[in-house]
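Undergrad: quick one, what's the 3D model for this:
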Amino acid sequence: MLYTIDVNKIKHSRNILAEIGVTPEGIELMADKLLHLNIKIKNIRLPAANILKQEMLSLGADAAVAKGVVVGKDELSDLILAGSLNQFNKLEKKLQRQSWFGLEEIRERIKLIVQSHQTEQKVFLQIRDNMFYSDKCYIMGILNITPDSFSDGNVFFEHNKAVEHCLKMIDDGVDIIDIGGESSRPKSDPIGSKEEMRRILPIIDAIRSKTNIPISVDTYRKETAIAALDAGADMINDISALRFDEFLADSLIERKNIPIVLMHMKGEPKTMQDNPFYEDVIDEIMCFFEERIHYCEQIGIAKERLILDPGIGFGKRLEDNLNIIHNLSAFKSLGCPVLLGASRKAFINQIYQSSPKERLMGTLASTALAIQKGVNFLRVHDVKENREFLQVLSAIEGQV
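TA: Numbering: from 1, shown residues only. Purely as a prediction, here's the structure:
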């Protein structure tokens, strides 16, 4: 397991160099040297750990290993590599000549991380006429057509109110509308595809007749997903990461332009909060995503179509949710866009007592950390507030 712990942004390095009058050629030569990365590798074999440490030291960078690795005692260790983007680029080149002890796989992951930070404005997604860039964060607005969602159950269950709320979110600057017909709150019961489709399909039809806004559908059922896509939806947001309905993945293989959100969840909504436990929540979610990405690629769903959601509140304790938000950059190391859905979640109530509608400040705190960690999508209830917050933070970052 290998992932970035934290990272600043390459555009900041370029801005700093430009401020002192460095030439465009000089900026390209120097920017990678100013960008610092910390990469953590889990359970690496002793020979590989020692090779990586020596290679990093030879480049003027550094590496931290367990005491037992230094004296040749421990067979496995975690390893932290610390250096500039330029040094990691050189490390990747040096590892091309070393394929033993698992170093080939490590080299590929380092190469992926380096490439992801070298590219500022790469289009990673296109929906209709909308382009989504790798160095920006986008707002996904929540539209629950349910009587029992934890925050806004029954508020938009009536057709006209749902459509009106969608149009308001568009006015407020939303980038994608995410429509769900079944609550996935803790202890919730499934409703079946017929009722799910009865709730959401008329709304999709109404929205599509009025606007070209990208539409995501929050479902794990093949029947609902296909009907929604045929009605004009553009992407699938699956809380089960293609696990609950074995036929959904097969039905999406040929729809090559449809993005898919894969979310991590321990258990299922009915049972997910029954004493969840993790030895290492980041490691477990990383392993889960690696397996899901591999599964998708094996059956013919390209990695470029996948978006990763670590699943705040889905089989997680307070400490797990906080750990996930703090380490969101780790999931970026897998080479896919990352989505965060922390809006109004119950973990905020565990920090300060509040009803769902009183958790805007907690949501915005999560938004701030998510943007700093490079998250690409924020799934939120309060579109206007999150959009304005994002605009101010982006303006400040543009001056850094």
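Undergrad: run through the bridge partners of the nearest residue to residue 43 once chain neighbours are set aside.
TA: Once flanking residues are discounted, residue 43 sits nearest to residue 76: 5.0 Å by CB to CB, 6 or more residues apart in numbering. All C-beta spots, glycine's among them, are computed from the backbone N, C-alpha and C. Beta-bridge partners for residue 76, by DSSP bridges, are residue 45.
Undergrad: phi first, then psi, for the residue positioned nearest the centre of the chain.
TA: Centroid check for the chain by CA atoms, centre = their mean gives residue 338 as the closest residue, at 1.7 Å. Taking degrees, to the nearest 10, you get phi -120, psi 140 for the backbone angles of residue 338.
Undergrad: hmm, residue 379 and it touching each other?
TA: No - between residue 338 and residue 379 there is no contact under CB atoms under 8 Å: 11.3 Å.
Undergrad: run through the stretch 201-350 of the chain and note the low-pLDDT ranges.
TA: Along the stretch 201-350 of the chain, the model assigns pLDDT under 70 to no residue.
Undergrad: just the strands in it please.
TA: Ranges of strands in the stretch 201-350 of the chain, per DSSP state E, counting those that start in this stretch, are 215-218, 235-238, 260-263, 306-309, 339-340.
Undergrad: residue 321 is nearest to which of those strands?
TA: strand 339-340 (10.6 Å; CB to CB).
Undergrad: okay, and the common contacts of residue 338 and residue 379?
TA: Residues touching both residue 338 and residue 379 (CB atoms under 8 Å, 6 or more residues apart in numbering) are residue 309.
Undergrad: once you drop chain neighbours, what's closest to residue 174?
TA: Leaving aside its sequence neighbours, residue 174 sits nearest to residue 141 (CB to CB, 6+ apart; 3.9 Å).
Undergrad: strands paired with the helix or strand containing that neighbour, and their directions?
TA: Using DSSP states H and E, residue 141 falls within strand 138-144. Neighbouring strands of strand 138-144 in its sheet, by DSSP bridges, are strand 176-180 (parallel), strand 377-380 (parallel).
Undergrad: all helices for the stretch 201-350 of the chain, in order.
TA: 222-231, 246-252, 281-299, 318-326, 328-332, 346-349 (DSSP state H, counting those that start in this stretch).
Undergrad: now, of the ones you listed, which is deepest in the fold?
TA: helix 328-332 (a mean of 23; mean count of other CB atoms under 10 Å).
Undergrad: which parts of the stretch 1-150 of the chain are helices?
TA: 10-19, 24-34, 46-58, 67-70, 85-94, 103-118.
Undergrad: mean neighbour count and distance to residue 207 added to those, as TSV?
TA: Listed next are the helices of the stretch 1-150 of the chain as TSV, based on neighbours: other CB atoms under 10 Å; distance: least, CB to CB, whole Å:
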stretch	mean neighbour count	distance to residue 207
helix 10-19	17	34
helix 24-34	15	42
helix 46-58	18	51
helix 67-70	15	57
helix 85-94	20	42
helix 103-118	18	33
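Undergrad: roughly how far apart are residue 257 and residue 179?
TA: Applying CB to CB, to the nearest Å, the value for residue 257 to residue 179 is 19 Å.
Undergrad: which of these two has more neighbours?
TA: Per other CB atoms under 10 Å, whichever of residue 257 and residue 179 has more neighbours is residue 179, with 26 against 11.
Undergrad: which residues are in contact with the more buried one?
TA: If a contact means CB under 8 Å, 6+ apart, then residue 179 has 143, 145, 200, 203-204, 215-218, 228, 233 as its contacts.
Undergrad: same thing but at 10 Å, please
TA: 141-145, 156, 162, 166, 199-201, 203-204, 207, 215-219, 228, 233, 237 (CB atoms under 10 Å, 6 or more residues apart in numbering).
Undergrad: that one bridge partners, please.
TA: Beta-bridge partners of residue 179, as defined by DSSP bridges: residue 143, residue 217.
Undergrad: rewinding a little: turn the helices of the stretch 1-150 of the chain into TSV, including mean pLDDT and distance to residue 396.
TA: Listed next are the helices of the stretch 1-150 of the chain as TSV, based on pLDDT from 0 to 100; distance: least, CB to CB, whole Å:
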stretch	mean pLDDT	distance to residue 396
helix 10-19	73	11
helix 24-34	80	19
helix 46-58	90	33
helix 67-70	71	41
helix 85-94	91	23
helix 103-118	84	21
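Undergrad: distance to residue 224 added to these, as a markdown table?
TA: Below are the helices of the stretch 1-150 of the chain laid out as a markdown table (distance: least, CB to CB, whole Å):
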| stretch | distance to residue 224 |
| --- | --- |
| helix 10-19 | 40 |
| helix 24-34 | 46 |
| helix 46-58 | 46 |
| helix 67-70 | 51 |
| helix 85-94 | 43 |
| helix 103-118 | 33 |
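Undergrad: just so I know, which of the ones you listed lies nearest residue 364?
TA: Taking the helices of the stretch 1-150 of the chain one by one with CB to CB, helix 10-19 is closest: 22.0 Å.
Undergrad: and that closest one, how far from the chain's centre?
TA: 26 Å (CA atoms, centre = their mean, to the nearest Å).
Undergrad: so which elements touch it?
TA: Here helix 10-19 touches helix 24-34, helix 103-118, helix 383-397, going by 3 or more CB pairs under 10 Å, 6 or more residues apart in numbering; DSSP states H and E.
Undergrad: show me the one of those that comes nearest residue 185.
TA: Nearest to residue 185, of the helices and strands packed on helix 10-19 and by CB to CB, is helix 383-397 at 20.5 Å.
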